[in-house]
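K.L.:
let's see this in three dimensions:
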Amino acid sequence: MKKRIGTIVVILVLALGIIALYWYIDRLDREEIEPAGTVAEQVIARDLEKNYPPTPYAVAELYCDIVKGIYDKNTTEKQLETLVQMQLQMFDEEFAELNPYEELLEVTKEDLAEAAEKKIVFAGYVVDRASNVEKWKSDSVEYASIQLQFITTGGSGRGTASRTLVMRRDADKRYKILGWRTAEDGGGDSENPGN
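P.N.:
The predicted model follows:
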């Protein structure tokens, strides 16, 4: 009888150990999948000096994440200022000169106020597949472009704003945003988030 009780106790301890191990591993997996913090905090946590996006596709995705952070309702004033600075870090030198920080911040705040007034909410974005990146050279300078769409809701319903992001590779081999063409330039969409 004592041998049976001992066997049952050992089996229960092993079962509890297996359950505890399963629970611990499951919890770790969920923590890796569920990023901590607001959209702005997640974007700001990226260090562009050390970890600048290596490809035009990754540049476009980060740019879209910055715009998403700017339009997130939980973004604070200080975070907004940091996100606008991050945008400037991604701009080509010429494009950054055309968009000084103070002006870009002011335009961004005006866009946010207009979106709030019209009850427009940034719902997300879509970046073309990496295989759709167009690359070319001109005078030994490398360029790239990729299409993306910003999706909004509210206001007059669902809207999209299409852009073709144009980039130029700098001396450090980083693709920097040289500018963009909007659907309005070529015949198009409405509700244009971003700057």
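K.L.:
for whichever strand or helix holds L178, give the mean pLDDT please.
P.N.:
Counting by DSSP states H and E, the element that carries L178 is strand 175-182. Summarised as a single mean, pLDDT over strand 175-182 is 93.
K.L.:
ok, residues contacting it?
P.N.:
Taking Cβ atoms under 8 Å, 6 or more residues apart in numbering as the criterion, the residues outside strand 175-182 that touch it are 53, 55-56, 59, 63, 90-95, 143-144, 161-170, 188-189, 192. C-betas here are computed from N, CA, C, even on glycine.
K.L.:
identify each buried residue in that strand, please.
P.N.:
Within strand 175-182, the residues scored as buried using 16 or more other Cβ atoms under 10 Å are Y175, K176, I177, L178, G179, W180.
K.L.:
and which of these is nearest to A123?
P.N.:
Nearest to A123 among the buried residues of strand 175-182: W180, at 19.6 Å, using Cβ to Cβ.
K.L.:
please tell me how far the closest one sits from T7.
P.N.:
Counting by Cβ to Cβ, to the nearest Å, the gap from W180 to T7 is 71 Å.
K.L.:
now swap in T38 and tell me
P.N.:
Shown here: T38 relative to T7, a distance of 53 Å by Cβ to Cβ.
K.L.:
can you check T76 too?
P.N.:
Using Cβ to Cβ, which is the criterion applied here, T76 is 60 Å from T7.
K.L.:
next one: I19
P.N.:
As defined by Cβ to Cβ, I19 lies at a distance of 19 Å from T7.
K.L.:
what do you get for N51?
P.N.:
Here the criterion is Cβ to Cβ. By it, N51 lies 55 Å from T7.
K.L.:
lowest-scoring secondary structure element of the chain by mean pLDDT?
P.N.:
Every helix and strand in the chain was compared by mean pLDDT, DSSP states H and E; the lowest is helix 183-186, with a mean of 57.
K.L.:
which residues touch the most centrally placed residue in the chain?
P.N.:
For the chain, the residue whose C-alpha lies nearest the mean C-alpha position (Cα atoms, centre = their mean) is D65; its distance is 1.6 Å. D65 makes contact with V39, Q42, V43 under the criterion Cβ under 8 Å, 6+ apart.
K.L.:
run a quick neighbour tally on the last one.
P.N.:
Neighbour count for V43, taken as other Cβ atoms under 10 Å: 22.
K.L.:
one more: the first one?
P.N.:
V39 has 21 neighbouring residues, counting by other Cβ under 10 Å.
K.L.:
could I get the contacting residues of it?
P.N.:
By Cβ under 8 Å, 6+ apart, the residues touching V39 are D65, K68, G69, D72, N74, T75.
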